[in-house]
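Enquirer: Turn this into a model:
(one chain, ligands or ions: 1)
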Amino acid sequence: MDYELLKDKRIAVLLSGGVDSSVVVYELARGGFRPDCFYIKIGPEESEEWDCSSEEDLEMATAVAARYGCRLEVVDCHKEYWNQVTRYTMEKVRAGFTPNPDVMCNRLIKFGAFNEKAGHDYDLIATGHYARTEIIDGMKWLTTSPDPVKDQTDFLAQIHDWQLKKALFPIGGLMKEEVRATAERERLINARRKDSQGICFLGKINYNDYIRRYLGENPGDVLELETGKKIGRHKGLWFHTIGQRHGLGFGGGPWYAVKKDMQANILYVSKGYEPATAYKKDFNIHGFNFLTCDPWQGQASINVTFKIRHTPEFHKATLERAGKAAFAVHSEDMIQGVAPGQFCTVYDEEHHKCVGSGEICI
Ligand SMILES: Nc1ncnc2c1ncn2[C@@H]1O[C@H](COP(=O)(O)OP(=O)(O)OP(=O)(O)O)[C@@H](O)[C@H]1O
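Expert: So this is what the prediction gives:
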């Protein structure tokens, strides 16, 4: 990390109690900084029941901040999470789309509500995300982590340009093993803690439980797409995502969820290990968020790489403009499970610079 660039900057660290953001505090302390740390409190209404491990998170965060002589403050973003992230998620799933609450959480909460409540007093907001930033031709770009498995640029691709300008990722140039090794060497209290999983903040609860809590169940038929034959029943279309293979639980498969009829409340499935209906090469995206700027002005056909899921692989594609902030994506590879509502994150050809992301609308 280039400590020179941070000189005289006021830095806030988002400290979750996990190992990554704890190593962020260490990295800054090592450079002679003593940032203020913030633990963001989130939790559905009955926090006692749902939020059992957040007490432990806060204890860990408190210990880590104290260890490096930093101040720790708790910022309550519970209402904002519900009003913004949960509402977005439920509206999308109700309409049959596949939303990504983690992506919106970065834009609306970590760099959003938090900034309004406390972050505005700081020049930089540091997190333990696996992503880098680089100044290229005088502009700040989001660039990928050297650790392809941990890379989180896709989760950050919906943040606003002003949010990117304020973002600092002190461990973004490290591999996960290096972060763990640092935590062990420093004997950080959480060095051996498991990585968080699932929905950020709500990480400990299951996604289907989260949806069931707000939307309940709405059973309907599951039909084979090709034959119209009834295969079974579903508990609600919102529990299924196009491309999903696991968790369908019907015999005689494997079955893929390939289509939803929202009006008739029918889930269509196809059979086989790789049914053609589960794949697509061409799809559309809209609401494209440019993280830094539109680098393709004047170009009709643009060579890029992209991903639609949080996996280490990037796919090659050409983009064609289809309107303001909208593109047609023509992938070189067949892509499994292209679902409306999912974000398609777009990178340069070398998948180094992350340009932004748009929502798949097919
Ligand atoms: N409750 C929280 N309070 C403050 N910051 C948070 C909180 N949850 C997450 N963050 C910030 O967002 C970053 C990325 O969150 P993510 O859920 O991906 O956690 P992670 O990769 O497991 O990181 P960590 O090990 O720090 O928890 C964290 O490193 C941290 O900086």
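Enquirer: does the ligand sit close to stretch 116-128?
Expert: Yes: remark: stretch 116-128 sits within contact range of the ligand at 127-128, by C-beta under 6 Å from any ligand atom. (Each C-beta comes from the backbone N, C-alpha and C, glycine too.)
Enquirer: Show me what that stretch is in contact with.
Expert: 6, 9-14, 16, 18-24, 28, 35-36, 38, 73, 75, 77, 110-111, 114-115, 166-171 (C-beta atoms under 8 Å, 6 or more residues apart in numbering).
Enquirer: counting contacts, what elements does the strand or helix carrying Gly287 pack onto?
Expert: Gly287 is part of strand 279-290 when elements are defined by DSSP states H and E. Under the contact definition 3 or more C-beta pairs under 8 Å, 6 or more residues apart in numbering; DSSP states H and E, strand 279-290 sits against strand 315-323, strand 326-336, strand 343-347, strand 353-360.
Enquirer: could those strands go into TSV alongside mean neighbour count, mean pLDDT and distance to Ile308?
Expert: Compiled in TSV, those are given as follows (neighbours: other C-beta atoms under 10 Å; pLDDT from 0 to 100; distance: least, C-beta to C-beta, whole Å):
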stretch	mean neighbour count	mean pLDDT	distance to Ile308
strand 315-323	17	96	8
strand 326-336	17	95	6
strand 343-347	27	98	5
strand 353-360	24	98	7
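Enquirer: possible to save those as a markdown table with distance to the ligand?
Expert: A markdown table is the format used below for the helices and strands packed on strand 279-290 (distance: least, C-beta to the nearest ligand atom, whole Å):
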| stretch | distance to the ligand |
| --- | --- |
| strand 315-323 | 23 |
| strand 326-336 | 24 |
| strand 343-347 | 15 |
| strand 353-360 | 16 |
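Enquirer: for those strands, which one sits closest to Leu142?
Expert: Closest approach to Leu142 among these (C-beta to C-beta): strand 353-360, 4.4 Å.
Enquirer: Pull out the CA atoms of the closest one and give them to me as CSV.
Expert: The C-alpha trace of strand 353-360 is given here as CSV (Å, rounded to 0.1, in the frame of the first residue of the first chain):
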residue,chain,number,x,y,z
LYS,A,353,-10.3,-2.7,-15.1
CYS,A,354,-13.9,-3.1,-13.9
VAL,A,355,-16.0,-0.7,-15.9
GLY,A,356,-19.3,-1.3,-14.1
SER,A,357,-22.4,-3.5,-14.2
GLY,A,358,-25.9,-3.6,-15.6
GLU,A,359,-29.0,-5.6,-14.8
ILE,A,360,-29.9,-8.5,-17.1
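Enquirer: got the angle for it vs strand 326-336?
Expert: 90 degrees (axes from the mean of the first three to the mean of the last three C-alpha atoms, to 10 degrees).
Enquirer: From the chain's centre, how far out is strand 353-360? Work that out for me.
Expert: 12 Å (C-alpha atoms, centre = their mean, to the nearest Å).
Enquirer: which neighbours does it have in its sheet, and in what orientation?
Expert: Note on strand 353-360: by DSSP bridges, its sheet partners are strand 139-143 (antiparallel), strand 279-290 (antiparallel), strand 343-347 (antiparallel).
Enquirer: And the residue of the stretch 101-250 of the chain found nearest the ligand, which helix or strand is it part of?
Expert: Nearest residue of the stretch 101-250 of the chain to the ligand: Gly128, at 2.5 Å (C-beta to the nearest ligand atom). Gly128 belongs to no helix or strand when assigned by DSSP H and E.
Enquirer: Need phi/psi at it.
Expert: Per-residue torsions, Gly128: phi -90, psi 30 (degrees, to the nearest 10).
Enquirer: Just list the residues touching the residue nearest to it when sequence neighbours are not counted, thanks.
Expert: Once flanking residues are discounted, Gly128 sits nearest to Asp20: 3.0 Å by C-beta to C-beta, 6 or more residues apart in numbering. If you count contacts by C-beta under 8 Å, 6+ apart, Asp20 has them with 128-130, 171, 179.
Enquirer: and after the helix or strand hosting Asp20, which helix or strand comes next?
Expert: For Asp20, the host element (DSSP H and E) is helix 19-30. Downstream of helix 19-30, the first helix or strand assigned by DSSP H and E is strand 36-41.
Enquirer: quick one, that next one and helix 19-30 angle?
Expert: Using the same axes, to 10 degrees: strand 36-41 against helix 19-30 is 170 degrees.
Enquirer: Can strand 36-41 be said to contact the ligand?
Expert: Yes: against the ligand, strand 36-41 shows contacts by C-beta under 6 Å from any ligand atom at 38-40.
Enquirer: nearest to the ligand, of those?
Expert: Ile40 (3.6 Å).
Enquirer: Check whether the closest one really touches Leu14, as I assumed.
Expert: Yes: Ile40 is within contact range of Leu14, at 6.6 Å (criterion: C-beta atoms under 8 Å).
Enquirer: hmm, back to that, would you list the residues of strand 36-41 next to the ligand in a markdown table and tack on pLDDT, distance to Thr345 and neighbour count?
Expert: Converted to a markdown table, these look like this (pLDDT from 0 to 100; distance: C-beta to C-beta, whole Å; neighbours: other C-beta atoms under 10 Å):
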| residue | pLDDT | distance to Thr345 | neighbour count |
| --- | --- | --- | --- |
| Phe38 | 98 | 27 | 25 |
| Tyr39 | 96 | 28 | 22 |
| Ile40 | 95 | 24 | 24 |
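Enquirer: Which members of the contacts of Asp20 are the farthest-apart pair?
Expert: His129 and Val179 (11.6 Å).
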